[in-house]
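K.L.:
Let me see the structure of the following:
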Amino acid sequence: MGQETTNHSGIRQDEEKYSIRSTLRVPAGADRAFTVFTERLADWWVKEYTWAGPEALADIGIEPRQGGMAYELGPHGFRADWGRVLVWQPGRRLLFTWQIGPDRAPVPDPARASEVEVRFSPAADQQTLVEVEHRGFDRHGEAAEGYRHALTAGWHELLSRYAHAVDEHRAG
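P.N.:
As a prediction, the model looks like this:
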């Protein structure tokens, strides 16, 4: 059985031909918002969105440094690197490649990968404005527009879960 769907109504999304920009406010300072996004990925990433799948996924994470990998771990030592950290600025900004093709196959050539940039900006009332831009879909070839369209819904679901995880982390 899959993970429960979460819908966070405060997510705003704008699409262009080869990019998606999503914004939301979370009830946390920028440092904690960044930490939940990067160190608690396993708490909010949709397990069905992984190669190992919900039954076999052991962990998913981002190595905390420029040049680190976005990865997942599965059974029997299986590891899939699906992105590389290009910018690591705790509490402020994260930029990584998205090396997953429209067919869900790995994209080993980073020149053919899209990019995800996440900015964390302090806002009023101990909140943080989180802006996620997934851009460069044209690098994925002919299926770029369809892939961008599919990931618009995907990012909405991911960020709904992320917002819930930030809220739970505050309470816990």
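K.L.:
Break down the protein into its helices, ranges please.
P.N.:
Defined through DSSP state H, the helices belonging to the chain, from first to last, are 30-39, 41-44, 144-171.
K.L.:
between those helices, which one is nearest to Thr23?
P.N.:
Nearest to Thr23 among the helices of the chain is helix 144-171; the distance by CB to CB comes to 9.0 Å. Quick note: C-beta positions are derived from backbone N, CA and C, even for glycine.
K.L.:
Let me know the average pLDDT across the closest one.
P.N.:
When pLDDT is averaged along helix 144-171, the result is 92.
K.L.:
Over to stretch 122-133?
P.N.:
Stretch 122-133 comes out with an average pLDDT of 96.
K.L.:
Report the distance from that stretch to the chain centre.
P.N.:
The gap between the average C-alpha position of stretch 122-133 and the chain average comes to 16 Å, counting by CA atoms, centre = their mean, to the nearest Å.
K.L.:
Need the contact partners of it.
P.N.:
The contact list for stretch 122-133, computed with CB atoms under 8 Å, 6 or more residues apart in numbering, reads 19-30, 32-33, 37, 116-121, 155, 159, 162.
K.L.:
again, but for stretch 48-56
P.N.:
The set of residues that contact stretch 48-56 without belonging to it, under CB under 8 Å, 6+ apart, is 1-3, 47, 57-58, 60, 72-75, 78, 80, 104, 154, 158.
K.L.:
What is the nearest of those to Arg112?
P.N.:
When the contacts of stretch 48-56 are compared for distance to Arg112, the smallest value, 14.6 Å, is given by Arg104; criterion: CB to CB.
K.L.:
quick revisit: strands - which of the contacts of stretch 122-133 land there?
P.N.:
Among these, the members falling in strands are 19-26, 116-121 (criterion: DSSP state E).
K.L.:
now those: which count as buried?
P.N.:
Buried residues within the ones in strands among the contacts of stretch 122-133, counting neighbours by 16 or more other CB atoms under 10 Å: 19-26, 116-120.
K.L.:
Would you mind getting the angle between the helix or strand of the chain at the bottom of the mean pLDDT ranking and helix 30-39?
P.N.:
Between all helices and strands in the chain, the lowest mean by mean pLDDT, DSSP states H and E belongs to helix 144-171, at a mean of 92. Angular relation of helix 144-171 and helix 30-39 on a 0 to 180 degree scale: 120 degrees, by axes from the mean of the first three to the mean of the last three CA atoms, to 10 degrees.
K.L.:
buried sites along helix 144-171?
P.N.:
Neighbour-count burial for helix 144-171, counted by 16+ other CB under 10 Å, picks out 144, 147-148, 151, 155-166, 169.
K.L.:
other SSEs contacting that helix?
P.N.:
Under the contact criterion of 3 or more CB pairs under 8 Å, 6 or more residues apart in numbering; DSSP states H and E, the helices and strands touching helix 144-171 comprise strand 12-16, strand 19-26, helix 30-39, helix 41-44, strand 127-135.
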